[in-house]
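Next come a sequence and a model predicted from it.
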Amino acid sequence: MKNVSKRLGSLLLCLTMALSLVPPISVAAADMVYLIENEEDFYAMMDDPYASYRLETNLDLGEMPAPLGMETDQWFYGSLDGNGHSIRYSLQDTGWNQYGLFFMLSGAEITNLTLYPD
């Protein structure tokens, strides 16, 4: 029994030493802001609806088939800083025009953004 206890202690010591070599997880990723520079970047926001985004230019999205996130039944939870810019858009007349730019928001923060729905 004493031999098993020594082996277990040695194993725990080795694991502790090995874990001390692993660099700590950076919290910088949580503070990362994705830049939206074009229409493709804007639609890619739904790839990570919890992230933070900043608009770098005015966008004209033209006619959208549905509000952002509706086609995939996704809500937006992140933040979007319009950075003083604007987004112009229109929704196809398919019954979705009672919604805005986003399908649904939950806890999201939209700031410094002017919307021009046509």
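Happy to help now that I have it.

And the strands in the protein?
Taking DSSP state E as the test, the strands found in the chain are 33-36, 52-55, 59-64, 79-81, 86-91, 109-111, 114-117.

which helices and strands sit right next to the second one?
The criterion is 3 or more CB pairs under 8 Å, 6 or more residues apart in numbering; DSSP states H and E, and the helices and strands that strand 52-55 contacts are strand 33-36, strand 79-81. Glycine gets a C-beta too; all of them are placed from N, C-alpha and C.

mind giving me CSV with the strands of the chain and columns for distance to Leu101, mean neighbour count and mean pLDDT?
Listed next are the strands of the chain as CSV, based on distance: least, CB to CB, whole Å; neighbours: other CB atoms under 10 Å; pLDDT from 0 to 100:
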stretch, distance to Leu101, mean neighbour count, mean pLDDT
strand 33-36, 13, 16, 96
strand 52-55, 12, 19, 97
strand 59-64, 8, 14, 92
strand 79-81, 10, 19, 97
strand 86-91, 6, 17, 91
strand 109-111, 9, 13, 96
strand 114-117, 6, 12, 92
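
now these as JSON lines including distance to Tyr99?
As requested, these are exported to JSON lines (distance: least, CB to CB, whole Å):
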{"stretch": "strand 33-36", "distance to Tyr99": "20"}
{"stretch": "strand 52-55", "distance to Tyr99": "19"}
{"stretch": "strand 59-64", "distance to Tyr99": "10"}
{"stretch": "strand 79-81", "distance to Tyr99": "16"}
{"stretch": "strand 86-91", "distance to Tyr99": "7"}
{"stretch": "strand 109-111", "distance to Tyr99": "14"}
{"stretch": "strand 114-117", "distance to Tyr99": "10"}
